[in-house]
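[1] How does the following fold in three dimensions:
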Amino acid sequence: MGYSEESTEEIRLKNVELLKQLIGHLNPLKTHQEYPPIVYNILKELYNDPFPKVKVCALDVTLLLAENDPISIPLQISKIVSKLSPLALHQHSKIRKRVFKTFNALIVHTPRDVAEDIGSKLFEICQKSILEENHQKVKF
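    Sure, this is the predicted structure:
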């Protein structure tokens, strides 16, 4: 069997699943160490992956980070939100739902002042998403 685009997608998915397992086991709340910044750099690239399953898994990793990394998340949150914003209007509802679930976790698990700083950006994203959803439902 030769190499195909699909096999590389599956390999990327397996790599993200491995990252998810590592994040789950290396909990900074227990080890008192933050995740290395490269984890966030990897995630920011994975949000742009063309394979929807990779995006969903990357969002799951971000959820874990929001819940378990109170040190780094506040430092990374504005970059994460700006990278996730376009996904709030993604064509797949599973990805859109996961994005909003991730936004919720980011707000809940970050200090209030940090969450307030990104609040206006999140309101804008929600507004665009709602308008986009309503626009798609209306058929002329």
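[2] center of this protein - which residue?
    Most central in the chain under CA atoms, centre = their mean is L59, positioned 3.4 Å from the mean C-alpha point.
[3] residue contacts, that one?
    Y47, L84, L87, I95, R98, V99, K101, T102 (CB atoms under 8 Å, 6 or more residues apart in numbering). C-beta here means a position set from N, CA and C on the backbone, and glycine is covered the same way.
[4] how about those in CSV, adding distance to K121 and pLDDT?
    Listed next are these as CSV, based on distance: CB to CB, whole Å; pLDDT from 0 to 100:
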residue, distance to K121, pLDDT
Y47, 15, 94
L84, 10, 90
L87, 14, 91
I95, 19, 92
R98, 18, 93
V99, 13, 91
K101, 17, 92
T102, 14, 91
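[5] where exactly do the strands run in this structure?
    Taking DSSP state E as the criterion, the chain contains no strands.
[6] pLDDT below threshold where in it?
    Applying pLDDT under 70 to the chain flags the ranges 1-6, 28-33, 133-140.
[7] how many other residues sit next to G119?
    11 (other CB atoms under 10 Å).
[8] Skipping adjacent residues, who's closest to it in space?
    Leaving aside its chain neighbours, G119 sits nearest to I107 (7.9 Å; criterion: CB to CB, 6 or more residues apart in numbering).
[9] so I73 touches E67, yeah?
    No: counting by CB atoms under 8 Å, no contact exists between I73 and E67, whose distance comes to 9.0 Å.
[10] what ranges do the helices span in the chain?
    Taking DSSP state H as the test, the helices found in the chain are 5-25, 28-31, 37-46, 52-68, 73-84, 93-108, 112-137.
[11] I73 and E67: who's more crowded?
    More neighbours sit around I73 than around the other of I73 and E67, counting by other CB under 10 Å; the figures are 24 against 16.
[12] check contacts around that one.
    Taking CB under 8 Å, 6+ apart as the criterion, I73 is in contact with L65, A66, I80, L106, H109, T110.
[13] same check, this time on T102
    In this structure, T102 makes contact with L59, T62, L63, A66, L84, judged by CB under 8 Å, 6+ apart.
[14] Cool, thanks, signing off.
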